[in-house]
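K.L.:
build me a model:
(2 chains)
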Amino acid sequence: MASPGGQGSGALSTRGGVARRMKWALELSLGNTRGRGDRQSNQGDVMYPIGYSDKPVPDTSIQETDKNLVEKRCWDVALGPLKQIPMNLFIMYMSGNTISIFPIMMVCMMAWRPIQALMSMSATFKLLENSNQQWLQGLVYSVGNLLGSALAIYKCQSMGLLPTHSSDWLAFIEPPQRVEIMGGGMVL
Amino acid sequence: MGHCISMKPSAKMAKLVPLLAVFFYLVCVSEAVFEDQVGKFDWRRQYVGKVLFASFDSPSQSSKKLFVATDKNIFASLNSRTGDLFWRHVDKMGPEGAVDTLLVNAQDALMVIGDGRLLRSWDTNVGGLNWEVVLDTGSFQAACFVGIQDTVKHVAVLKKTAISLHYLSNGHQKWVENLPDSDTVKYQAVYSGGGEEVFVLGMVPHSHLTITVYSLEDGEIIRQRSVEAPWLSSVESSCVVVGRGVLMCVDNYTQALYTLAIQAEDSPQFRQVLLQSLDLEVSQDFQPVLVSTQPHPARSPLPEFFLQLGPDHHILLQLSEDGSTIAPLRDFQPAFLVSFATTGEKTVAAVMAPKNTTACAVNLFSADSGRRLLDTTVIFPLDANGGKPQKLYVHAFLKKDDSVGYRVLVQTEDHALTFIQQPGRVVWTREEALADVVTMEMVDLPLTGTQAELEGEFGKKAAIQDGLLPMVMKRLSSQVILLQAWMAHLWKLFYEARKPRSQIKNEVTIETLSRDEFNLQKMMVMVTASGKLFGIDSKSGTILWKHYLENVQPNAAFKLIVQRTTAHFPHPPQCTLLIKDKDTGLATLHVFNPIFGRKSQISLPALPRPILQSLLLPVIDQDYAKCLLLVDDQYKVTAFPSTKNVMQQLQEMASSIFFYLVDSEQGTLSGFRLRKDLSSELIWEVVLPTEVQKIVAVKGKRPSEHVHSQGRVMGDRSVLYKYLNPNLLAVVTESTDTHPERAFVGMFLVDGVTGRIIHEAVQRKARGPIHFVHSENWVVYEYWNTKSRRNEFSVLELFEGTELYNSTVFSSLDRPHLPQVLQQSYIFPSPITTMEATLTEKGITSRHLLVGLPSGAILSLPKMFLDPRRPEVVNEHSREENLIPYAPEMPIRTEWFINYNQTISRLKGIYTAPSGLESTCLVVAYGLDIYQTRVYPSKQFDVLKDDYDYVLISSVLFALFFATMISKRLAEVKLLNRAWR
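P.N.:
Got it, this is the predicted structure:
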């Protein structure tokens, strides 16, 4: 059942006769024209060595400009949260202070994203690993996020969602205990 | 809409304010019930009151009508098959509408009303008014039909100074004649025996009897006679006419019967027949009574009559044809009640005699011979918790075989009516005592046996006593019990499912009573003026128990106190009724179990001195009964229960127990503090001079009231704290001067501990009656504005301000600052009869005022309309607070009537009780009728709607579930197929 290639999976092995075909084969003898006849007829009798490719291979050696690119990319990541702030401000302005589903969703998003970002700081730091200014970028990144969440809090405040007034704690005030017991009424 | 308003100039705003108000009304909670909810949560029972006169329709077996006139000035027709009302006419309260007499002849029912003020004729078939005439002034004495040749065409009405004859067909007066010598002679009876003459009997006490004979045609006096009768003190109570115009009188002093032929032309004389000669003797201290019968008003009465010689001794006598001899026909001893009844040509006498301790037997006797009619015994069961039989009304009819059949209506001392059919089947009973409910309480029902079992298991006591193993065993056994109960329930369901639906009756009995999930079903304990107590199931209105307290004075004062609720299983709940006799001032206690109505076997404290007031303390004894203090006229206090435990607690707490007494006659409010020896010291006194004003009512707050929110949130999100003084009293006074210009109404808010007057509001040019509600931090009262001649509502609200003085403890003795008081008034388009506020478990639900209107409707008025912070000029803050802009007119919207068309006659009081659901408040309105319903002031926020479509939702859920299952399977198959490809 197992295919000669040794890599036959269960699905392949069930294919019976088909599995008997080789996965790949190297033809070394010249006289054999099977399968390759077309190519030979196109390119004449030229024989390419094994591993030869028609296309040019790019140069992958590290150069000086690459370093700058990494730096730039890292700054992009670090400044991302700060760049979002003007956009958030605009959305904040547009959504108004009424409490309805869209402003609430927006505020939730605004508050959640920086928190999420701050929670996954370590992942971000890994991104910034190759940068020289790793610590500065990390600082900028977290400041940006903190600003974002501050903005969200400000929005909550202006929407009246923060328990900052005495009325917000009114429900927790217990009725006072009465000291005196009193009763009576009209003379029966 | 709101945003634009603040920018508009004020002239435009004036137009917009009413618009905005209308908008708010529309937004407001709608109270009305839907058509399919009618009778689902509510019920009404209609009553008529204590029956004074009762009469049956026609003497046929198929007749179903019964007419009653009652002490509540009501004329009604009852269905004798079911006891339901056919129709009911409710007249004015008080002596103006009092029914003086009821005479029924064929289709006409004649009534004299208001001490001879009106004469009315009703059509008995449909209950319509035929005619009504205003009679001349003068107090009413007697009335009778006048007929000749077997037809009744006139009715004679005897007044103190005149007699008038009216046509029965239209009420027109045929003639009216002044009575001769009416200043000396007391005219008391009028009689017509079918001839052309009308006899008027008058007398001068202990001197002589006068007979004045009027001609039926023109009212001329035909003759006048005067007969010596030095023994006679009252014609009304001691004389009847029997046979062919023979006046029969009985006198206790001489122990004799006197007969007189009133039709005699010559000067007649009374003939004395000594009772001794008939072998009769009157019981000691008993005023003998004569009972005769006149089967047809156009014919003379029968010669047979009853003489009652003692409380349980009657004798049937017969006057001979010539009127010379009296012969006893039959002696009935013992016999409580006797009554004559006529059907066709036969007249029978019904006699009620005691059978054994639990029943009475009614038998029929032939009136002319005194023979007992066979197979006519009817058993009347005597209720141990009811009163003794008082009156017997007999409806006799001829059966197909020409024998006499009958039904009896028995009226008992407790105003109950029992209708019995042969052979002793109680067809119905009406508890007419409920027409006059004085006070009531609602008590939670007990837990079921299984619930109680669990309760007992996890009770604190059990846990301490038992070890681990017994606890496990207990747990297992309780689980077994639960399983058993569940199986029994299932079996019952299965068993009932097989029966046709009409046969299933969900009858409530005392045995099956148990608390429901949401505690919506409660026991209504009602105290009536007659001294009968009732336990009524609040869900169905079924009377579950009744208890008649004998020897209760008609004007007694009652106070019902719940000393122990149902929460303290296994201790039974306990209610105490304080009954104070107005004449002697002495009070008695009746302690009972409110669920079963049984009297508790508890030793009661001796109360030798008149009791002034009582107060219930939150102090509980070892049996969890709250302590009741009774204050006597020397301001000494008696504790009940007075166990050692309680006394010790009282001694410890004495210095913090205060009570106040209000004496409206003296115009004093006085406050007392309890001493350790259970005497008390006067600590303050407020005198409101009685020459100027009179204290009408005092109300504290309901002790069961919970206030959830300690303040109100302002528009700027700060808090205005409520002034929640639990000791605050609202005292209402009315001026003694009733002149419209000088009349006033006073509202004093007094601290009941210190006597400090917190606020006083005097409404000039106003008078009562004042209805008011005092709750939370507000007082709402209603009065009549004599200047503008309209009803007005006024609301007072008290606030501490933006800071709490002491948020943990409230002591009246330590309150340096007076509260801020806000007040606003509104015009109400209707007078009101009573007012109460809704009450809920935790006080989170918004409050509504339940306003009883004279029309019998109950209006559920949201409290937010009665809010002194309603602004005249709307601004952002008031809008933020959802305050309705001030509008002087208070609306009455018909959707706010909680009782739709189930009006309650003579609404007297509304009782509200919280249920287990925060959204729901139970309401009982009582007056002549009793009505019970539920209200949801903030709609049903904590429970699914009554018409929630369970079927749709669950079928959709199931459909979705199956769709998911099927599509999952399909998806698997498809995946597999794709993998094969």
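K.L.:
if we ignore the residues flanking it in sequence, what's nearest whichever residue of chain A sits closest to chain B?
P.N.:
When scored by C-beta to the nearest C-beta, chain A has residue A:183 as its residue closest to chain B, at 2.8 Å. Glycine gets a C-beta too; all of them are placed from N, C-alpha and C. Computed as C-beta to C-beta, 6 or more residues apart in numbering or on different chains, the closest residue to residue A:183 that is not its neighbour in sequence is residue B:615, at 2.8 Å.
K.L.:
who are the neighbours in contact with the one you found?
P.N.:
By C-beta atoms under 8 Å, 6 or more residues apart in numbering or on different chains, residue B:615 lies in contact with A:182, A:183, A:184, B:628, B:629, B:631, B:659.
K.L.:
quick check, nearest of the residues you listed to residue B:785?
P.N.:
residue A:184 (31.7 Å; C-beta to C-beta).
K.L.:
can you give me the offset of whichever strand or helix holds the closest one from its chain's centre?
P.N.:
Per DSSP states H and E: residue A:184 is located in strand A:181-186. With C-alpha atoms, centre = their mean, to the nearest Å as the basis, strand A:181-186 stands 71 Å off its chain's centre.
K.L.:
show me what the residue of chain B found nearest chain A is bridged to.
P.N.:
Proximity of chain B to chain A (C-beta to the nearest C-beta) peaks at residue B:615, 2.8 Å away. In this entry, residue B:615 is beta-bridged to residue B:629, by DSSP bridges.
K.L.:
with the one 5 residues further on instead?
P.N.:
Beta-bridge pairing of residue B:620, defined through DSSP bridges, involves residue B:626.
K.L.:
does it touch residue B:628 like I think?
P.N.:
No - the pair residue B:620 / residue B:628 is not scored as a contact, 11.3 Å apart, by C-beta atoms under 8 Å.
K.L.:
looking at the two, which is more packed in?
P.N.:
residue B:628 (25 against 17; other C-beta atoms under 10 Å in any protein chain shown).
K.L.:
might one say that the more buried one is in contact with residue B:618?
P.N.:
No - Residue B:628 lies out of contact with residue B:618 (C-beta under 8 Å); the separation is 11.5 Å.
K.L.:
nearest to residue A:157 among the contacts of residue B:615?
P.N.:
For the contacts of residue B:615, the nearest to residue A:157 is residue A:182 (45.0 Å; C-beta to C-beta).
K.L.:
quick check: the closest one touching residue B:726?
P.N.:
Yes - using C-beta under 8 Å, residue A:182 makes contact with residue B:726 at a distance of 7.4 Å.
K.L.:
residues from chain A in reach of chain B?
P.N.:
A:11, A:160, A:165-168, A:170-171, A:173-188 (C-beta under 8 Å from any C-beta of the partner chain).
K.L.:
of those residues, buried ones?
P.N.:
A:166-167, A:170, A:173, A:175-176, A:178, A:180-188 (16 or more other C-beta atoms under 10 Å in any protein chain shown).
K.L.:
who touches both of residue B:628 and residue B:618?
P.N.:
With C-beta under 8 Å, 6+ apart as the test, residue B:628 and residue B:618 reach no residue in common.
K.L.:
what about residue B:413, neighbour count?
P.N.:
Around residue B:413 there are 17 residues (other C-beta under 10 Å).
K.L.:
which parts of chain A are strands?
P.N.:
A:177-178, A:181-186 (DSSP state E).
K.L.:
and the shortest one, which strands flank it?
P.N.:
As defined by DSSP bridges, the strand partners of strand A:177-178 come to strand B:809-810 (parallel).
K.L.:
list the contacts of the strand it pairs with.
P.N.:
A:176, A:177, A:178, A:179, B:724, B:725, B:726.
K.L.:
ok, these vs residue B:787, which is closest?
P.N.:
Nearest member of the contacts of strand B:809-810 to residue B:787, counting by C-beta to C-beta, is residue B:725, at 32.8 Å.
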